[in-house]
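Engineer: no FASTA, just this:
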């Protein structure tokens, strides 16, 4: 079984995901909640956003990524320090651990909206296991305070230090995802949006494929669900390659779902695996 899930940002995107035959929602980009706002959205506003997504998902799996604030996603109202390299600065989990108010509001809204639905919480930009354990403990405290079960929690592996030590996370997470967009940038030291260097942003670079292969093998060996939710997963040129590497969960933009599914349906798994055996 290979699942092809959808990456979405807005409740309306779930309609497209359903229309194109998504097996679930593999990535909800919740920082879009912050667009065109003059203040941080309240718990009630966030609750309504998550509830609408979960209702439209119709009890299929739904992975909600916590707000990836920072880098190129800084809301106009957020008091962000001046940084020379914001993509490697104060971002995502690093903000949550310092700004507990933002973290706790989002987790509370998700948990309340998620009652009765199949949802998971995914943390972006995790670098170390200790960082993740601290964040997970806060989520557990909120669940206890709300008298709700601990949700399934996972890590978006997009920082090289974390993915190279993925095995140490296995006992502390319920699922894993790989964010290839940022991961390639950090590994190649090349901004994919910079025309002078984006030739180095290459998802089929052998060294990068070895890291992806090892991550997939680590997850599979531990019985851990793993998806890839970056642009690489939605590129039909890479579908056979990823299946051969052992990937069983793709998460892509909705309109690419039919093509990716058609390609997968016509792949010989044995031949795909043989074709990448030299990596």
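Structural biologist: Perfect, I can see it now. Computed from a prediction, not measured in an experiment: that's the story for all the values here.

Engineer: can you list the weak-confidence ranges in the chain?
Structural biologist: Applying pLDDT under 70 to the chain picks out residues 71-73, 75-77.

Engineer: just the strands in it please.
Structural biologist: Here the chain has its strands, by DSSP state E, at 3-8, 25-29, 62-65, 119-123, 152-157, 175-178, 226-228, 249-252.

Engineer: closest to residue 85 out of the ones you listed?
Structural biologist: Nearest of these to residue 85, taken as CB to CB: strand 152-157 at 20.1 Å. Backbone N, C-alpha and C define where each C-beta goes, glycine included.

Engineer: so how far is that closest one from its chain's centroid?
Structural biologist: Strand 152-157 has its average C-alpha position 8 Å from the chain's average C-alpha position, going by CA atoms, centre = their mean, to the nearest Å.

Engineer: one more: stretch 206-218?
Structural biologist: Taking CA atoms, centre = their mean, one finds the center of stretch 206-218 at 17 Å from the center of the full chain.

Engineer: do the same with stretch 59-67
Structural biologist: When distances are taken as CA atoms, centre = their mean, stretch 59-67 is centred 9 Å away from the chain's centroid.

Engineer: again, but for stretch 259-270
Structural biologist: Worked out by CA atoms, centre = their mean, stretch 259-270 lies 23 Å from the chain centre.

Engineer: in it, which residues are buried?
Structural biologist: Using 16 or more other CB atoms under 10 Å as the test for burial, stretch 259-270 gives 260, 261, 264.

Engineer: I figured the last one was touching residue 23, is that so?
Structural biologist: To tie it back to what came earlier, the one meant is residue 264. No: the criterion here is CB atoms under 8 Å, and residue 264 misses it with residue 23 at 11.2 Å.

Engineer: who touches both of those two?
Structural biologist: Common contact partners of residue 264 and residue 23 (CB atoms under 8 Å, 6 or more residues apart in numbering): residue 4.

Engineer: show me where the stretch 51-200 of the chain has helices.
Structural biologist: Here the stretch 51-200 of the chain has its helices, by DSSP state H, counting those that start in this stretch, at 93-98, 100-113, 129-145, 160-164, 180-188.

Engineer: residue 272 and residue 264: what is the separation?
Structural biologist: When distance is defined by CB to CB, to the nearest Å, residue 272 is 10 Å away from residue 264.

Engineer: joint contacts of these two?
Structural biologist: Taking CB under 8 Å, 6+ apart as the criterion, residue 272 and residue 264 both touch residue 243.
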